[in-house]
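>>> sequence first, then the predicted structure, then my questions.
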Amino acid sequence: MVEKKTASMKRKRAIGNAVTYLVLILMSVIWLFPFFGLIMQSFRSYDKAVEYGGMVDYIIPKHFSLDNYKFLFSGETNFLLWYRNTLIIAVCVAILQTIVILCVSYALSRMRFKGRTFLMRFWLVLGMFPGFLTMICLYFLLKQFGLTQAGAVPGLILISVASSGMGYYVCKGYFDTIPASLDEAARIDGASRARIFFVMTIPLSKPIVIYTALVAFMAPWCDYVFASYVAFGYDKSYNVAVALQRWIWTNDYQGYFTRFCAGGILIAIPVTILFMFLQKYYVEGVTGGAVKG
Amino acid sequence: MEKKKINPVATAFGALGRDLKELGLTFAEGDWKTRLSAVIFGFGPLMRGQIAKGLAFLSCEIGFILYMVFVGWKYLSKFGTLGTVETTKSRRVTVYGDNSFLILLFGLLTIILIVFLILVWRMNMRENRDEELILRKGGHLPSNRKVLGSLLDSNFDKTLLALPVTGIFVFTVLPILFMICVAFTNYDKTHQAPTNLFTWVGLANFRELFSFGSTGFGKTFMAVLLWTLVWAFFATFLDYFLGMAVAILINRKGIKFKKLWRTILVITIAVPQFVSLLYVYKMFANDGLVNGYLLKWGLIKSAIPFWTDPMLARITIIVVNIWIGIPYMMLIATGLLMNIPEELYESARIDGATPLQMFRSITLPYMLFVTGPFLLTQFTGNLNNFNVIYLLTKGQPQSMKLAGNAGQTDLLVTWLYKMTVNDTNYKMAAVIGIMVFVVTAVISLIVYNMLPSVRDEGGFQ
Amino acid sequence: MKRMMKAALAGGVLAAFLSMSVSAEEIKVWVADAVTDFTSAQIEAFKEANPDFAGYDYIVEAVGEGDAAGNMITDVEAGADIYVFAQDQIARLVTAGALEEVAPDNVEAVETQNDAGAVGAATVGDILYAYPITSDNGYFLYYDKSVISDPSTLEGIIADCEAAGKNFYMEINSGWYQTAFFFGAGAELTYETDDNGLFTACNATYASDAGLTALKKMIELKSSPSFQNGSSVDKTTNAAAIVDGTWDSVAAQDLFGDNFACAKLPTFQGADGETYQMSGFGGFKLLGVKPQEDEDKLAACDALAAYLSSEEVQLARYNEVGWGPSNLNAQQSEEVQADAALSALAEQLAYTIPQGQYPGDYWTLATSLGDSVISGELSADSSDEDLMAALEQFQATCESYLG
């Protein structure tokens, strides 16, 4: 009797597992398909002598070639410059934004001062305004500083960093979980707030520091809207998103689709690798963020 | 728990009254140094040896005066009209007149700085008062070293927050105030700085938004708002439940390569959306891969209009968004599911509960409780989810039924963006931006009060 | 004073950027990516021929006609001093104060040396605002000889495409391509403007039998499984015919290879049994000069714009990238006369109207009309009344753009 029951349960579980595997495999195919398609397209030549370079209705190229990648590295366009711009923006934003967020989070988590709750509520309300609303105003503000067109790269860094203090939630939530008694003990030993912050809190917060930096690093690679608004008319200040979108959406560039795909792959590689290595921290960050809201 | 009724207006007036009284005392009882401080900021502290504080106050005043003389006054004086001098031609050379845009921007900044200066002035007077009180009691004022040192200790919050708060003020608060003002002007393509002036028009733009005539924005605004809400609802909850389901699937006992499955899904987060979504868009186009293969295999006779049929386009967007959203939600759910005590399931299993029952009575309540506020932020985030819509359809297809160049898949934000960039219709964009804020704020308030974790402070038992 | 303000705001480091950006006397030129090298070379030649103007720092940036107008309008100050734009943007640019009138000394030359359509396109009210450089922004038919036996009727083209399981591309949700049907069936839509680019009068007859015929034909075309909405060769798949312009001729040759052919637009048979020749716009690329605060710089810009739109440069540009000239002499040259795409266009031009000025909102409105057809909101099932109501609304909205 008992044996029979376990046997049927076992069979049930086996069937369940089989179905689960099937679903997971199917999902993997669906999730990976667009990337597979992109990679395949990027190996299709744009040279008409080899294969037609526009849109086609098949996935696997008839001839594999590295022409698109060669083109991107050839210096015919400023691709490497755009890539460098984006990398500079991403690295600077990652560093500066992390610093800002750590400062704000520490102040809000550990210190009690006049206007603290007001500040938090006020920022919450500010966050309810749609970001693009202020685009034109930000453009002209940056222009007063000479940070548009030729100065667009530092301009974009400034904009990303300046308002980043409002994104303190996740990080503050993490600080809140570090026992306050640690701080108290250190203060009794005569350590100043600043010392506690630098010597104790930050080293204890490695996961959240990495998470904050990773998220900040990834954002500039997708920034099309604001970057194109700030850098317009100055090719050398474009980031990859602005430059590559142009290949697709304006009529001046015929046969650039496969090159776009190759460019996209080149952007995706570093971000994906970094992400794979730091996935653990990312998960910790988003989970923490979800719980704290 | 009984809540005391507090009248905020009365409280504010009370505080103001007390403050004025204290100010009176400061003057009445203060010495000449204090009184002179009312004109020369920080004079008192400087004379009393509080060099650091004194200089800080004084530099605020000097900076303000310089700003007013060289910049502020020029713009503030024209703030009421936003400029009157037209752009003219002298022979073939253009002589630009007033720039309404800069007048509005810097006029606003000047007003804010004046308010700021009044606050600084008040702090300056209070500092004088405090110092006098200490001295009168025979106490000693802290040394400059100590004052500066406190910035790294008891006043460390000021050091930490100074730059971030300034940044947010200049690059978020000021622009938002500016755009709110624009909603009350006629700033659009025929009134564009620097060549043309624009000016205040009162509530005219709001009336246009709520005019339901044939060319009015009213009907369109309602249609776009409705779709924005529907979209945010599906985008939030479908992703939430499906993501949770996938997490549970991967977490099943006996499933191998858990890490591999997760990693495969998570790649979508790492690849920039402007690349992946463009490809997805092309895939589902009428002449794209999906239709191409379906036609080739003879499964359909003519292409499925994934993007050109309004209803289908909305559904496709929501489905594609599931593709984007599941991995993210899956990650979160995986972490949270591990926190549910295994004993809860064990005892349920002994009671003979089916997996579905266990999900309904254990997993779901727990998840909803823990992630309530997160769901709310997800929802408001989706209300403003620009990327997915814009990178897929750009809000298209358009329709003769909609005014203001809105498309049938446009959210309020994408509509706002198109108005700004394509039509330079800044005044209406500003009005819509304000409406987005109102919608977000109202929903947040209502939902926030309904959340179990807010209603029931006791927590999940 | 302005400097002080900026310095006060920006602080020392940022002020450095500022002084950098104002120091050199620059003349910024925006052209499409395909002709940046060509334009740079021409500017060198210009500097040699005009030593007076050689002192300026000429900077050529790749900003295509599609983006130029939008960018100019966003911020005139940061925009180019000389830029190429498609003529449909001209009224908008004049209104925004982004276009200077053509220098009085150059007006006569421009008006006599370019074709009448081009001059009309560059004129707003009674004032000539821009220098025409091409007269090839019209459209016609590219097709695959092996699939389409007879390109003279729309019905025949569609039948051939359907039989071969191939696609026919035409961007019917564009206000530009749509007119092929409306103007072809006899409907009219023209505007008049004052000298400041504000629209003063509208002559629209879309809400008529002619308009109805055109709309029904668009609906019929859309119902074919072979129909695809689009007009860019490199974004097509499985195409056998494309309604497109000369800028795509190289791409179309790549696509169709040995079977490449082009022709004027076909005729179509209306629901009323009559046969109509598809019409459309003849369009032009124009070169504009931004209003200047400095007289010498304006003179330099005028001279350079005149040079870049001259007969020699237009011809050289044709030889370099195949853009059909607007200059009458250049049009008569042997090379241009022998060009297949340009001759198809020339043939089509007999049936088109030169494109005058249209408000920016017209283009998006037309997209709405086209999208309503494509999405099936207006379909073969719609009654004549429904269709007429849509056309009436379209016409009323067109008329509402005045003032």
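Everything's here; your move. Numbers count the residues shown, from 1 in each chain, chains lettered A, B, ... in the order given.
>>> domain map for the chain?
Because you didn't say which chain, this covers chain A. As assigned by automatic domain parsing, chain A contains the domains A:2-69, A:85-292.
>>> please refer instead to chain B.
Domain assignment for chain B, taken from automatic domain parsing, gives B:8-202, B:218-455.
>>> of these, which is nearest A:Leu66?
domain B:218-455 (18.9 Å; C-beta to C-beta). Just so you know, the C-beta spots here come from the backbone N, C-alpha and C atoms, and that holds for glycine as well.
>>> and that closest one, anywhere near chain C?
Yes - Domain B:218-455 comes into contact with chain C (C-beta under 8 Å from any C-beta of the partner chain), by way of B:286-288, B:292, B:295, B:301-303, B:305, B:308-310, B:396-402, B:405, B:407-408, B:421-424.
>>> out of the domains of chain B, which one sits most buried?
Mean neighbour count (mean count of other C-beta atoms under 10 Å in any protein chain shown) peaks for domain B:218-455 among the domains of chain B, with a mean of 19.
>>> centre of the chain to it, how far?
19 Å (C-alpha atoms, centre = their mean, to the nearest Å).
>>> kindly report the residues of the stretch 251-400 of chain C close to chain B.
For the stretch 251-400 of chain C, the residues in contact with chain B (C-beta under 8 Å from any C-beta) are C:291-295, C:298, C:360-361, C:364-365, C:367-369, C:371-372, C:374-378, C:390, C:393-394, C:396-397, C:400.
>>> now, of these, which are buried?
The neighbour count (16 or more other C-beta atoms under 10 Å in any protein chain shown) marks C:291-292, C:298, C:360-361, C:364-365, C:367-369, C:371-372, C:374-378, C:390, C:393-394, C:397 as buried among those.
>>> related to what we said a few turns ago, turn the domains of chain B into a markdown table, columns for mean pLDDT.
Output for the domains of chain B, formatted as a markdown table (pLDDT from 0 to 100):
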| stretch | mean pLDDT |
| --- | --- |
| domain B:8-202 | 90 |
| domain B:218-455 | 87 |
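>>> any chance of the domains of chain A in a markdown table, plus mean pLDDT and mean neighbour count?
Below are the domains of chain A laid out as a markdown table (pLDDT from 0 to 100; neighbours: other C-beta atoms under 10 Å in any protein chain shown):
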| stretch | mean pLDDT | mean neighbour count |
| --- | --- | --- |
| domain A:2-69 | 83 | 15 |
| domain A:85-292 | 89 | 20 |
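>>> of all those domains, which one is nearest C:Gln355?
C:Gln355 sits nearest to domain A:85-292 of all those, at 17.0 Å, using C-beta to C-beta.
>>> so C:Phe140 is in which element?
Using DSSP states H and E, C:Phe140 maps to strand C:139-144.
>>> in the helix or strand just after that strand, what's buried?
Downstream of strand C:139-144, the first helix or strand assigned by DSSP H and E is helix C:154-164. Residues C:154-155, C:157-162 are the ones in helix C:154-164 that count as buried (16+ other C-beta under 10 Å).
>>> so does helix C:154-164 get close to chain B?
No - residues of helix C:154-164 are not located near chain B by C-beta under 8 Å from any C-beta, the shortest gap being 10.0 Å.
>>> wait, does that helix make contact with chain A?
No - between helix C:154-164 and chain A, judged by C-beta under 8 Å from any C-beta, nothing touches; the nearest distance is 14.1 Å.
>>> distance from the chain centre to that helix, please.
Its chain's C-alpha centre lies 29 Å from the corresponding centre of helix C:154-164 when counted by C-alpha atoms, centre = their mean.
>>> now stretch C:293-303
The answer for stretch C:293-303 is 27 Å, by C-alpha atoms, centre = their mean.
>>> and for it, what's in contact with it?
Identification of contacts with stretch C:293-303 by C-beta atoms under 8 Å, 6 or more residues apart in numbering or on different chains yields B:91-96, C:25, C:27, C:46, C:50, C:52-53, C:56, C:81-82, C:100, C:102-103, C:105-106, C:289-290, C:292.
>>> 7 Å instead?
Counting contacts by C-beta atoms under 7 Å, 6 or more residues apart in numbering or on different chains, the residues outside stretch C:293-303 that touch it are B:92-94, C:25, C:27, C:50, C:53, C:56, C:81-82, C:103, C:106, C:289, C:292.
>>> which residue lies nearest the spatial centre of chain C?
C:Ala86 (4.1 Å; C-alpha atoms, centre = their mean).
>>> now it, nearest residue through space, not along the chain?
C:Glu65 (4.5 Å; C-beta to C-beta, 6 or more residues apart in numbering or on different chains).
>>> neighbours of the one you found, how many?
By other C-beta atoms under 10 Å in any protein chain shown, the residues close to C:Glu65 number 24.
>>> next up, phi/psi of it, please.
phi -60, psi -30 (degrees, to the nearest 10).
>>> tell me the secondary structure at whatever residue of chain C ends up closest to chain B.
As assessed by C-beta to the nearest C-beta, chain B sits closest to C:Gly97 within chain C, at 2.5 Å. When classified by DSSP: H, G, I helix; E, B strand; the rest coil, C:Gly97 comes out as coil.
>>> so who does the closest residue to it other than its chain neighbours touch?
Once flanking residues are discounted, C:Gly97 sits nearest to B:Thr195: 2.5 Å by C-beta to C-beta, 6+ apart. Listed by C-beta under 7 Å, 6+ apart, the contact set of B:Thr195 reads B:87, C:76, C:96-97.
>>> the same query, at a cut-off of 10 Å, please.
Applying C-beta atoms under 10 Å, 6 or more residues apart in numbering or on different chains, we find B:Thr195 in contact with B:86-87, B:94, B:96-97, B:99, C:76, C:94-98, C:196, C:291.
>>> return the closest of these with respect to B:Ile111.
Nearest to B:Ile111 among the contacts of B:Thr195: B:Asn99, at 17.7 Å, using C-beta to C-beta.
>>> go ahead and confirm the closest one touches B:Tyr75.
Yes - B:Asn99 is in contact with B:Tyr75 according to C-beta atoms under 10 Å; the separation is 9.4 Å.
>>> count the neighbours of the residue of chain C closest to chain B for me.
22.
>>> roughly how far does it sit from B:Lys189?
Distance, C:Gly97 to B:Lys189, by C-beta to C-beta, to the nearest Å: 11 Å.
>>> any shared contact partners between the two?
Shared contacts of C:Gly97 and B:Lys189, defined by C-beta under 10 Å, 6+ apart, are found at B:196, C:73.
>>> quick one: end-to-end distance for stretch A:232-246.
11 Å (C-alpha to C-alpha, to the nearest Å).
>>> that stretch and chain B in contact?
Yes - using C-beta under 10 Å from any C-beta of the partner chain, stretch A:232-246 comes into contact with chain B via A:240-242, A:244-245.
>>> B:Leu58 should be in a helix, yeah?
Yes - B:Leu58 forms part of a helix when assessed by three-state DSSP.
>>> I figured it was touching B:Phe43, is that so?
Yes - applying C-beta under 10 Å, one finds B:Leu58 in contact with B:Phe43, separated by 7.6 Å.
>>> please compute how far stretch C:171-186 lies from its chain's middle.
With C-alpha atoms, centre = their mean, you get 14 Å for stretch C:171-186.
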